[in-house]
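In: just coords:
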């Protein structure tokens, strides 16, 4: 269970939000909404433990995340604006390296399956710098296909995806929720997620 | 009590006048300039902040 | 625990191998700087022999500096650094891996080519041996201390110049003992003492610097 | 407000700002008093040194500025440690306010060292262990100031500067001993301004001057930190009041 209590965020000189809280339990999805600059990304960075909140606390399974950073990060999968893939490596190498650095072992066959699912079949061994922007994003999304960690935190996952890909990703997320996972995400266009309880939180 | 016989002896510093007074002079100058710089910096900052404050209050009134 | 260190080393080495031009140009920088000195001071063998340790070491410092700005900057730009900070291992261990990988592609080649350059300066066999040993032992400390500077200046304007300003003063002990080891060998005093001091500094730097860098990286990622 | 904040109430900017303002005149007065006493003892009363002649009187500036330059770095590192450990706002500002004065002290120490070296050794600069370490210390000060100036976000600047200070303070002894050792190896001429057995009165002069420089540094740093405080806290209620109250 992920709980946030009385969070306050100050960036530079501006107070973006204060007194913000929510709880999220297994099978639930939290949509973060708000205009640009309201602090959605800042809140996500707090939730992944990179930005210490000005005030308030975030708890994972009842314990503050700052006292269990490594355990918490082991339970967390974050997908940001940036794809976090290396241009020099192939999609397959990227996926395997990401899994290894994330502390999980990923069989090569599973990785190849995941890349096929995101439509990169036959490009597993091409360095990522030869892929298009959309294809690079798919390499990043392929991480979600094989990720079995309970908490997903996604920053604008649907941006720049075509209709088909949006549906596919919604399916991936609902599969995650059905397995008892949790997800927090920011998005501009609310997308229907077939399974799981959906909650909304408006910032600012 | 005073070690020196005459003022000119004092200035000459036994032939080391240039070096001794060069040290003391530059130090005195530095310790004079630094507070002035700090004070001017402060004045400028206060003036700028006041301007900002006025501009802010005007924009909230309007 | 050590798995993460090895995974990071493997990843960074693989990346470096795909971009060999970077390694080669730092190495050539080292060779060119060292070769310029005789042209600047003249070909007297005695003078050159005397200057060799200092020249080689200063050039090694500068060559190491060359690759430092990119130590974290590439990972920062493409978002990998965030993922590394989110790995379920202490960030200090991740940085340890990156520092070791940096040394393998920057310090180690310098040590391997240094004896060849030493011959240009007419160093004797034992001095060449000590020179190689000193660069081998000292450059890991350079990578470690440099990582702190690279982390502190991550994403700043003029980061490269600032990085040299922060890091070069901290390199002085390594320079002194590294060049001192060769000097002592040339003058027949024996360089073992210096080499063990260099080793001590390297151990301290590898043990301590990654954690300071990790703290700096966390600040940069806020 | 959580409890931690109450505990550090005196470190709260709103309390500290007027307190610092009240303290500055006292430190200025103490500095002037100690300075005059030190100059009187050192320049007028103290006898000449039989080895170095009147040139030795430079130590009344050289030694206190060297001490202060090292001491200020230690104080900055202390504030950095406090700031990183307890996340107090004031600590980073204190470190930043001290840095220019520390750099100035290091510069004055080098300047007076050079002016002392010329008549004594016939050269402006010798690669003596102390002078070399002092030069490196000046580099460390400049590096710190450059780093802090390059970071736009004040909190990030405080923290990054703090880490650099702690790394520097760990390195200073290593640098000092390696330079000292390097110096003995190369048998460089050792400038030793304080070697000769000093008369008691000279020691008194030096101590008084050191106190004067200390008071001066505190006064200037406090004045500087007040400006930094106003700047950083410009959106808070107390600064608005302060500015509205005809603050000069």
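Out: Received the coordinates, thanks. What you see is a predicted model; the values in this text were computed from it and never measured.
In: in terms of helices and strands, where is the closest residue to residue A:196 other than its chain neighbours?
Out: Distance criterion Cβ to Cβ, 6 or more residues apart in numbering or on different chains; nearest residue to residue A:196, sequence neighbours excluded, is residue A:177 at 3.1 Å. C-beta coordinates here come from the backbone N, C-alpha and C atoms, glycine included. Element membership for residue A:177 (DSSP states H and E) is helix A:163-178.
In: paired strands for the helix or strand that comes right after that helix, with orientation please.
Out: Next in sequence after helix A:163-178, counting helices and strands by DSSP H and E, comes strand A:182-186. Paired neighbours of strand A:182-186 in the sheet (DSSP bridges): strand A:28-33 (parallel), strand A:151-155 (parallel).
In: could you pull out the strands for chain A?
Out: Along chain A, counting by DSSP state E, strands occupy A:2-11, A:14-24, A:28-33, A:55-60, A:63-64, A:76-79, A:151-155, A:182-186, A:197-202.
In: which residues does residue C:71 contact?
Out: For residue C:71, the contacting residues are C:98, C:102, C:146-147, C:150, by Cβ atoms under 8 Å, 6 or more residues apart in numbering or on different chains.
In: what about those residues, which one has the most neighbours?
Out: residue C:146 (32 neighbours; other Cβ atoms under 10 Å in any protein chain shown).
In: wait, a helix at it?
Out: Yes: the assignment for residue C:146 is a helix, going by DSSP: H, G, I helix; E, B strand; the rest coil.
In: excluding chain neighbours, what is closest to the residue in chain A that chain B sits nearest to?
Out: The nearest approach of chain A to chain B comes at residue A:13, 11.3 Å away (Cβ to the nearest Cβ). In space, and not counting its chain neighbours, residue A:13 is closest to residue D:235: 5.4 Å by Cβ to Cβ, 6+ apart.
In: give the burial count for the residue nearest to residue A:196, as a bare number.
Out: 21.
In: one more: residue D:83?
Out: Residue crowding around residue D:83 was assessed by other Cβ under 10 Å; the count is 24.
In: quick one: it from chain A, how far?
Out: Using Cβ to the nearest Cβ, to the nearest Å, we find residue D:83 at a distance of 14 Å from chain A.
In: could you do residue D:179 as well?
Out: Taken as Cβ to the nearest Cβ, the span from residue D:179 to chain A is 39 Å.
In: so which helix or strand takes in that residue?
Out: Using DSSP H and E, residue D:179 sits in helix D:154-185.
In: by contact count, what packs against that helix?
Out: In terms of contacts (3 or more Cβ pairs under 8 Å, 6 or more residues apart in numbering or on different chains; DSSP states H and E), helix D:154-185 is packed against helix C:125-152, helix C:159-186, helix C:192-221, helix D:59-86, helix D:89-121, helix D:129-150.
In: so which bits of it are buried?
Out: Neighbour-count burial for helix D:154-185 flags D:154-169, D:171-172, D:174-176, D:178-183 (criterion: 16 or more other Cβ atoms under 10 Å in any protein chain shown).
In: could I get the contacting residues of whichever residue of chain B sits closest to chain A?
Out: With Cβ to the nearest Cβ, the shortest gap between chain B and chain A falls at residue B:52, namely 11.3 Å. Shown in contact with residue B:52 (Cβ under 8 Å, 6+ apart): residue D:234.
In: report pLDDT for it.
Out: Predicted confidence (pLDDT) for residue B:52: 86.
In: and it, that one's in a helix?
Out: Yes: under three-state DSSP, residue B:52 falls within a helix.
In: now chain C against chain A: closest residue?
Out: residue C:79 (2.7 Å).
In: count the neighbours of the residue nearest to that residue when sequence neighbours are not counted for me.
Out: Spatial nearest neighbour of residue C:79, chain neighbours left out: residue A:82 (2.7 Å); criterion: Cβ to Cβ, 6+ apart. For residue A:82, the neighbour count with other Cβ under 10 Å is 16.
In: how much space between residue A:82 and residue A:188?
Out: Distance of residue A:82 to residue A:188, given as Cβ to Cβ, to the nearest Å: 18 Å.
In: same question, residue C:67
Out: From residue C:67 to residue A:188 the distance is 40 Å (Cβ to Cβ).
In: which one's more surrounded, those two?
Out: residue C:67 (21 against 12).
In: ok, the more buried one - contacts?
Out: C:22, C:26, C:102, C:105-106.
In: what do you get if the cut-off is 7 Å, keeping everything else the same?
Out: Contact analysis of residue C:67 by Cβ atoms under 7 Å, 6 or more residues apart in numbering or on different chains lists C:22, C:26, C:102, C:106.
In: ok, residue A:151 next?
Out: Residues in contact with residue A:151 (Cβ under 7 Å, 6+ apart) are A:2, A:75-76, A:182.
In: would you list those in a markdown table and tack on neighbour count?
Out: Below are the contacts of residue A:151 laid out as a markdown table (neighbours: other Cβ atoms under 10 Å in any protein chain shown):
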| residue | neighbour count |
| --- | --- |
| A:2 | 23 |
| A:75 | 16 |
| A:76 | 22 |
| A:182 | 21 |
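In: nearest to chain D among those?
Out: Proximity of those to chain D (Cβ to the nearest Cβ) peaks at residue A:2, which lies at 21.7 Å.
In: distance of the closest one relative to residue D:112?
Out: 62 Å.
In: what do you get for residue A:58?
Out: Noted for residue A:58: a distance of 55 Å to residue D:112, by Cβ to Cβ.
In: of the two, who's got more company?
Out: Higher neighbour count among residue A:58 and residue D:112: residue D:112, with 27 against 21, using other Cβ under 10 Å.
In: number of nearby residues for the closest residue to residue A:12 other than its chain neighbours?
Out: Computed as Cβ to Cβ, 6+ apart, the closest residue to residue A:12 that is not its neighbour in sequence is residue D:153, at 6.5 Å. Counted with other Cβ under 10 Å, residues neighbouring residue D:153 total 13.
In: sweet, I'm off.
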